[in-house]
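In: let me see the structure of the following:
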Amino acid sequence: MNTLRLKEKLQALQCHFTWNFEIRDKVDASHILQTLALRIAHTHYQNQPMLLAMQAYLCHLQGQYEDALQSLREAEEILQRDHPDNFPRQVLVIYGNYAWIYYHLAHYDLVELYLDKVREICRSLKSRSSHAAQIPEIHAQKGWSLLAAGFRNGIEATKCFQIALREDEANGEFLAGSAIAAFASWTHSHNSVSWNAAREKLVAILHEQQQNYEAKVYLAKILKRANRQEAETLLEDVVQNSLDPEVLRNAAKFFQPEFPEQAIAILQRAISLNPTYHLLPYDLGVCYKKQLEKAKSGREEILAAAIEAFKKAVQKDPTSVFAKLALAEMYGENTPHYQEEIYLNLLSEMPSLSKRCQQAVCLHWGDFLFYKQKSVWEAAKMYKAGFAIPDNYLERQQLKSRLEEVAGEFQQSSQTSEAEAIHDFIQENESPWYMGRSTGGNNRAGDWRCGENRGSFPFSGHSKTSF
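Out: Residues are numbered from 1 along each chain as shown. A predicted model of the protein is given here:
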């Protein structure tokens, strides 16, 4: 068996194993698996088989091959039941996933079996390639998969649905996917062009699918500033009728900044529907934190509720760096030694964290050193270590701001050379040459949780350093 030749055939397939989701760099598979399970259970579209195929790919990343195969079997059964006339065109991606999984299991006879199935379908479709077919179903399936991997993929997903719609412009599922992708694109650009595109497409979808609560939440977010009353009317329907915890979580986010009490009530309903979903107690903690910022009385009770919520988030997802950082911040209100303990534990885990998580830990630990311990040199060292990580997440901009603040402190204390050194460091690490060193080439916002590291952490220890 020529495994090298077999690998070449596999790489020509159109499936989750050949589509680039950047999952290991941006967010880890276990996080997406949890949110994906909710999508599979509550999807309003006929994309459940594709979500199951995505689940199979993520299980493979976790080394859970039997679970992966079971997901593919379920997907195949649904397609046979719901798409008997269109089954060959719909199943190509699933057969490709089968082939890849059996390749990783070294079941090469089964790899060939599924490659033969793909070739037979491609031949029947008169495809130029024996292992791939440029058909709208494939493009739409890739679009849904990109969205499942994270809304940072909105622009790429939009392109997929646009290609699918060229050949089937009235397809309701493709139109819905295009609307969701347009909203995802807007969340990462917030420009007027993407706002108009998302609004128009979501309105059109809701005209056809009046009980599409996911689309209603997204349209409400689009209309939040332009037409607050209409947005709240949409959300009232969502909160009363949706049984999807993720949709309710998104509805709560709408109210979270100005009306945390309302958001808390929505989240508590979502938790009653799914007590195991880890993002719900995290968001609940964020709401209590918002309350704490405004509270003039009852602060101890609100703080205790916030700590309890973040503790539950950590318990449900022990690898969540952001939940741990949020818990540490709340502990810092009354028990800073607990806060410090969490930070030190995270520092010890630094080599295994993603770039965004490393930046976040540097930021929070640096703030603890700078603002609470008044250790300006030590804080500067942490801020520099985080800023030296080239991926341009929100945390990196905050690290830059902190370094400028540290430089101001040095300037005020007549340490002019140290202040200039920090400004030089910022300029050097913002240069196009340095940013080009980023393996991810990413300038988009990252996801809520961090995944595996794709580069060593450029700092260890906490000793004083020169500038």
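In: got the contact list for the closest residue in space to Asp168 that isn't next to it in sequence?
Out: In this structure, Asp168 finds its nearest non-sequential neighbour in Pro136, 4.9 Å apart by C-beta to C-beta, 6 or more residues apart in numbering. Quick note: C-beta positions are derived from backbone N, CA and C, even for glycine. By C-beta atoms under 8 Å, 6 or more residues apart in numbering, the contact set of Pro136 is Ile163, Ala164, Leu165, Arg166, Glu167, Asp168, Asn171, Phe174.
In: any idea how far Pro136 is from Arg123?
Out: 19 Å (C-beta to C-beta, to the nearest Å).
In: how many other residues sit next to the nearest residue in space to Val321 that is not next to it in sequence?
Out: Nearest residue to Val321 in three dimensions, chain neighbours excluded: Cys357, at 4.3 Å (C-beta to C-beta, 6+ apart). Look at Cys357: counted by other C-beta atoms under 10 Å, it has 29 neighbours.
In: got it, and the one 3 residues further on?
Out: Ala360: 26 surrounding residues under other C-beta under 10 Å.
In: list the contacts of it.
Out: Taking C-beta under 8 Å, 6+ apart as the criterion, Ala360 is in contact with Val321, Phe322, Leu325, Glu395, Cys450.
In: most surrounded residue in these?
Out: Highest neighbour count within the contacts of Ala360: Cys450, with 27 neighbours (other C-beta under 10 Å).
In: now stretch 347-366: buried residues?
Out: 347, 349-350, 353-366 (16 or more other C-beta atoms under 10 Å).
In: picking that back up, closest one of the contacts of Pro136 to Leu234?
Out: Phe174 (23.4 Å; C-beta to C-beta).
In: what's around the closest residue to Glu214 other than its chain neighbours, how many residues?
Out: The spatial neighbour of Glu214 that comes closest, neighbours along the chain excluded (C-beta to C-beta, 6+ apart), is Val247 at 5.3 Å. Neighbourhood size, Val247 [other C-beta under 10 Å]: 24.
In: distance of Val247 from Leu33?
Out: 19 Å.
In: pretty sure Leu206 contacts Val217?
Out: No: Leu206 lies out of contact with Val217 (C-beta atoms under 8 Å); the separation is 11.0 Å.
In: look at those two and report which has more neighbours.
Out: Counted by other C-beta under 10 Å, Leu206 and Val217 do not tie: Val217 has more neighbours, with 28 against 18.
In: which residues in the stretch 151-300 of the chain form helices?
Out: Here the stretch 151-300 of the chain has its helices, by DSSP state H, counting those that start in this stretch, at 154-167, 172-187, 192-208, 213-222, 228-241, 245-255, 260-273, 279-294, 299-316.
In: how far off centre is the fourth one?
Out: By that I understand helix 213-222. Computed by C-alpha atoms, centre = their mean, to the nearest Å, the chain-centroid distance of helix 213-222 equals 18 Å.
In: just the angle between it and helix 192-208, please?
Out: Angle, helix 213-222 to helix 192-208, by axes from the mean of the first three to the mean of the last three C-alpha atoms, to 10 degrees: 140 degrees.
In: and helix 213-222, what does it pack onto?
Out: If contacts are counted by 3 or more C-beta pairs under 8 Å, 6 or more residues apart in numbering; DSSP states H and E, helix 213-222 sits against helix 172-187, helix 192-208, helix 228-241, helix 245-255.
In: residues in contact with that helix?
Out: With contact meaning C-beta under 8 Å, 6+ apart, helix 213-222 is reached by 44, 176, 179-180, 183, 186, 195, 198-199, 202-203, 205-206, 209, 230-232, 234-235, 237-238, 241-242, 244, 247, 250-251, 253-254.
In: nearest to Ala407, of the helices of the stretch 151-300 of the chain?
Out: helix 279-294 (27.9 Å).
In: domains in this protein, by residue range?
Out: 3-18+25-252, 349-467 (automatic domain parsing).
In: redo these as JSON lines? Include distance to Val286 and mean pLDDT.
Out: Formatted as JSON lines, the domains of the chain follow (distance: least, C-beta to C-beta, whole Å; pLDDT from 0 to 100):
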{"stretch": "domain 3-18+25-252", "distance to Val286": "10", "mean pLDDT": "95"}
{"stretch": "domain 349-467", "distance to Val286": "11", "mean pLDDT": "78"}
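In: export those to JSON lines and tack on distance to Tyr277?
Out: Formatted as JSON lines, these follow (distance: least, C-beta to C-beta, whole Å):
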{"stretch": "domain 3-18+25-252", "distance to Tyr277": "5"}
{"stretch": "domain 349-467", "distance to Tyr277": "12"}
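In: format the helices and strands packed on helix 213-222 as JSON lines; extra columns: distance to Leu115.
Out: Conversion of the helices and strands packed on helix 213-222 to JSON lines gives the following (distance: least, C-beta to C-beta, whole Å):
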{"stretch": "helix 172-187", "distance to Leu115": "28"}
{"stretch": "helix 192-208", "distance to Leu115": "37"}
{"stretch": "helix 228-241", "distance to Leu115": "45"}
{"stretch": "helix 245-255", "distance to Leu115": "36"}
